[in-house]
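# Turn this into a structure:
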Amino acid sequence: MQISLIYCSSRSMTFSLYLFNFIFNADSYGQITMTQSPESLSVTPGEKVTIRCTASSSISSSYVSWYQQKPGQAPKLLIYQASTLASGIPARFSGSGWSGTDFTFTISRVETDDAGDYYCQQHSSIPLTQ
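Model prediction:
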């Protein structure tokens, strides 16, 4: 059985996220582009999946998050600070990358329920970008 994991690299952010960034990172105004690869893939349950995210400028791992979004649902935070699992997220999800430009998201054993859009986000500078 094959499932599709598809993710997008550009999405609009809500006002509350922009406000958070403005309050805590008001001294940063350069736009950073986040590029993900591959653009899409299909995998079999049980396989390992790796998604890479490259920032156009060096950023701290403290400002990199990974999200999953399913049709009709709000984005779900999976990883924050590049490698910290959000509450309730299974350990088969992981993230890596230190300060710099290269960050990685991995699902060690994909399940059918993992199908959806996956994207990285930087919140080191305004505007927030994925």
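# who's Ser94 bridged to?
Thr106 (DSSP bridges).
# For it, list the residues it contacts.
79, 83, 85, 105-106, 108 (C-beta atoms under 8 Å, 6 or more residues apart in numbering). (Each C-beta comes from the backbone N, C-alpha and C, glycine too.)
# What remains of those if I keep only buried residues?
Among the contacts of Ser94, those classed as buried by 16 or more other C-beta atoms under 10 Å are 79, 83, 105-106.
# Just name the closest of those to Arg52, please.
Taking C-beta to C-beta as the measure, Phe105 is the one of the buried ones among the contacts of Ser94 closest to Arg52, at 7.9 Å.
# how close does that closest one get to Met34?
As for Phe105, its distance to Met34 is 12 Å (criterion: C-beta to C-beta, to the nearest Å).
# and Ser61, what does it touch?
81-83, 97-99, 103.
# And the residues you listed, which is the shakiest by pLDDT?
When the contacts of Ser61 are compared by pLDDT, Ser99 scores lowest at 75.
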